[in-house]
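all I have is the shape, not the residue letters:
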């Protein structure tokens, strides 16, 4: 028992170093009830019995009350006596915290550990490996029993430690590390089992490459396999410190992604409308210029044609507004389109001037030249518009669309974190707690010795 408590203290110190909530010594965050559940298991991790150590904080005068499902309750530190009424226990107040223990059920443990032994690559029993020489491996598989439960998933961090004797050499670990204590190897492994499934890591591109381990193993060569025991500390609270402000910052990021998606789609659709409008305008424009040339050749009064051509300025104005809208976002490079449009405009007014100045004496050569120049300028503008539109859709489909998809994934993951944080915060006891009390709980699962 003494060795177990010393080893458990080392585990608790490790948890403090990892930043977990359990065992935190912070008076401003002192809990009314702290519970440590010691689970004794066989060599394979199957629980055989459990005992809870309870600390009730003395916060004032008067009796100290608690709610518990423990059996065989006894005071472990002071001389305070208690009365038990059903599950309600009332302790005398001698000015100190109450520390007591009792027998707990093993039926509802939130996390299970399965230990498997291998000798020369073959799975063997604990009895078969005990005292043997060769290449050995011991694997710890963790199962979070709250996955799919009615009260929701609670994220438990499991940290396993095992002290290896002098007979072990060439020690390696998977999902852990090896430490040395005065020449003796200590192997440490860890996991947060169930988190990958509950967060659906494999379903999202953002998280699909996360190699989430739910087991820990160590391998070594030994002349005489012997394992005094292993201890696994289990504690929740790792999500409770996630600040809502940090999640809101991520919410804002998602909103920004959606805004970018909307703006880019609007730009792409606008450029497409511009292409369609310019294409339709070009068809009529080409027909009209051809008709002007024919009319000029036939000696028709070009002033009337000039007046009709001037009426088309409204159409060009609408095209100009569309280009200006594309330029307004400050990110779309429309300089080429603006220059092409200005060239089209110059050719357009040149044709009007030629027609206006011709009068009854029609200069068919000048009209034909300016008409051809106008069509050339329009063709240059249309190609620029089409290139811009194609680029907008490529930018959206190959870039922004992918980013937006990650935005949807991030939104889901944020929602999962909020749900898990809520259930994590709510899990504060194993054996029960009185209404209105704050609490925290941790578990230490100790496996039986394997030896000859």
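Thanks, I have it. None of these values were measured; they are calculated from a predicted model.

okay, domains of the protein per the record?
2-237+427-446, 247-416 (automatic domain parsing).

low-confidence ranges, the protein, go.
1-29, 263, 266-396 (pLDDT under 70).

ok, which stretches of it are helices?
Using DSSP state H, the helices of the chain run over residues 2-18, 126-129, 195-199, 244-297, 302-310, 313-328, 335-358, 364-395, 401-426.

residue 101 versus residue 47, what's the distance?
In this view, residue 47 and residue 101 are 17 Å apart by Cβ to Cβ, to the nearest Å. C-beta here means a position set from N, CA and C on the backbone, and glycine is covered the same way.

residue 169 now?
From residue 169 to residue 101 the distance is 40 Å (Cβ to Cβ).

more neighbours, the two?
Between residue 169 and residue 101, counting by other Cβ atoms under 10 Å, residue 101 is the more crowded of the two (18 against 11).

flag every buried residue along stretch 43-62.
Buried positions in stretch 43-62, judged by neighbour count with 16 or more other Cβ atoms under 10 Å: 43, 45, 47, 50, 52, 53, 54, 55, 56, 57, 58.

hang on, the second one packs against residue 111?
If I follow you right, that is residue 45. No. Taking contacts as Cβ atoms under 8 Å, residue 45 lies outside contact range of residue 111: 10.4 Å.

who touches both of those two?
Taking Cβ atoms under 8 Å, 6 or more residues apart in numbering as the criterion, residue 45 and residue 111 both touch residue 445.

still on that earlier bit, out of the buried residues of stretch 43-62, name the two that are farthest from one another.
43 and 58 (40.4 Å; Cβ to Cβ).

isn't residue 158 right up against residue 193?
Yes. Counting by Cβ under 8 Å, residue 158 does reach residue 193; the two are 6.6 Å apart.

need the residues touching each of these two.
Shared contacts of residue 158 and residue 193, defined by Cβ under 8 Å, 6+ apart, are found at 111, 142.

thinking again about what came up before, list just the nearest of the buried residues of stretch 43-62 to residue 210.
Of the buried residues of stretch 43-62, the one sitting nearest to residue 210 (Cβ to Cβ) turns out to be residue 45, at 25.9 Å.

what sits against the closest one?
112, 113, 114, 115, 140, 445, 447 are the contacts of residue 45 under Cβ under 8 Å, 6+ apart.

one more time with 10 Å
Taking Cβ atoms under 10 Å, 6 or more residues apart in numbering, we find residue 45 in contact with 39, 112-116, 140-143, 230, 232, 445-448.

in space, what's closest to it - neighbours in sequence excluded?
Closest residue in space to residue 45, ignoring its immediate chain neighbours: residue 113 at 4.0 Å, by Cβ to Cβ, 6 or more residues apart in numbering.

my guess is the one you found contacts residue 43, does it?
No. In this structure residue 113 lies outside contact range of residue 43 using Cβ atoms under 10 Å: 11.3 Å.

can you pull the residues that touch both of those two?
By Cβ under 10 Å, 6+ apart, the residues touching both residue 113 and residue 43 are 230, 447.

what distance do you get for residue 199 to residue 413?
6 Å.

more crowded one of the two?
residue 199 (21 against 17).

nearest residue to the more buried one other than its sequence neighbours?
residue 416 (5.0 Å).

and the one you found, how far is that from residue 211?
Taking Cβ to Cβ, one finds residue 416 at 19 Å from residue 211.

so which two of the contacts of residue 45 are the farthest from each other?
143 and 448 (19.2 Å).

compare those two and say which is more crowded by neighbours.
Between residue 143 and residue 448, counting by other Cβ under 10 Å, residue 448 is the more crowded of the two (19 against 16).

residues contacting that one?
Contacts for residue 448 (Cβ under 10 Å, 6+ apart) come out as 40-46, 48, 115, 126, 227-230.

go on, residue 116?
44-45, 123-126, 137-141, 215, 217.

let's see that with 7 Å instead.
123, 139 (Cβ atoms under 7 Å, 6 or more residues apart in numbering).

how near is it to residue 254?
Between residue 116 and residue 254 the computed distance is 42 Å (Cβ to Cβ).

and if you look at residue 227?
Going from residue 227 to residue 254 by Cβ to Cβ gives 49 Å.

check contacts around residue 98.
Residue 98 neighbours (Cβ under 7 Å, 6+ apart): 56, 58, 64, 80, 91.

export these as CSV, with columns for distance to residue 439.
Formatted as CSV, the contacts of residue 98 follow (distance: Cβ to Cβ, whole Å):
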residue, distance to residue 439
56, 10
58, 15
64, 14
80, 19
91, 16
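
tell me the one of those nearest residue 72?
residue 91 (15.9 Å).

out of the contacts of residue 98, which is nearest to residue 154?
Nearest to residue 154 among the contacts of residue 98: residue 56, at 23.0 Å, using Cβ to Cβ.

let me know whether that closest one touches residue 64 as I believe.
Yes. The pair residue 56 / residue 64 is scored as a contact, 5.4 Å apart, by Cβ atoms under 7 Å.

many thanks, have a good one.
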